[in-house]
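Enquirer: Have a look at this fold, sequence not included:
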C-alpha cells in the first residue's frame, strides 16, 4: 500500500532511511484507533512524504481512510514519484525514480530479514521483484543507459 502523509519528522518526509518511519506511522495510527497500529508491518519512506506500507489485509481500507491512499497510482505514470523531469523522456524519469525506490528498499533490507517475520519478508520480496521487473522494462526503453547493475539484497539461506 502506498500512502502520502505529512509526518512531524522531516527525515521521514524526505525519505531518509535513518528515520524510524514505522514507529512514526504506528504512532499516528494509534492516536486515531488503537488496534490499527498493529496492522502496519513495515513502512519504507520514499520521499515526497510518501511511504510504502506492508499492511495486514483486513485493515487496508481503514488505514487508507486515515492517510492519502496512493495505491492505485503507484508505479504508474500517475505516480507522484514519477513526475516528469525536464529534458527526460518518461521511461528515463520512471527508471530513475525506480532506482531511488530500489535504493530505499535496499537500505531497510537487512532489518526486514533480521526480523524473521515471514509476512514482512514475503511482502518485501514481492515488492522488490515488482520494482526489478519495471526497472528492466524501462531500462530497455531508455537510450544511452549502461546495463543496469544488479545489487538487490536477497534473503540469506
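Expert: Cool, got the structure. Predicted model only: the values in this text are computed from it and were never measured. Residues are numbered from 1 along each chain as shown.
Enquirer: From now on I want contacts and neighbour counts done on CA atoms only, so please keep to that.
Expert: Fine.
Enquirer: how near is residue 93 to residue 79?
Expert: 11 Å (CA to CA, to the nearest Å).
Enquirer: which of the two has more neighbours?
Expert: Between residue 93 and residue 79, counted using other CA atoms under 10 Å, the more crowded position is residue 93 (21 against 16).
Enquirer: Contacts only, for the more buried one.
Expert: The contact partners of residue 93, by CA atoms under 8 Å, 6 or more residues apart in numbering, come to 82, 83, 84, 85.
Enquirer: Give me the pLDDT value at it.
Expert: pLDDT for residue 93: 87.
Enquirer: Was I right to think residue 36 contacts residue 59?
Expert: Yes - judged on CA atoms under 8 Å, residue 36 makes contact with residue 59 at a distance of 7.1 Å.
Enquirer: higher neighbour count, those two?
Expert: Looking at residue 36 and residue 59 with other CA under 10 Å, you find the greater number of neighbours at residue 36, namely 20 against 15.
Enquirer: rewinding a little: buried among the contacts of residue 93? Need that as a selection in ChimeraX.
Expert: Buried residues among those (16 or more other CA atoms under 10 Å), as a ChimeraX selection:
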select :82,84
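Enquirer: Make TSV out of the contacts of residue 93 and add distance to residue 41.
Expert: Formatted as TSV, the contacts of residue 93 follow (distance: CA to CA, whole Å):
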residue	distance to residue 41
82	25
83	28
84	31
85	33
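Enquirer: Where in this structure is the helix or strand with the lowest mean pLDDT?
Expert: Lowest on mean pLDDT, DSSP states H and E among the helices and strands of the chain sits helix 10-14, with a mean of 58.
Enquirer: I am finished for the moment; much appreciated.
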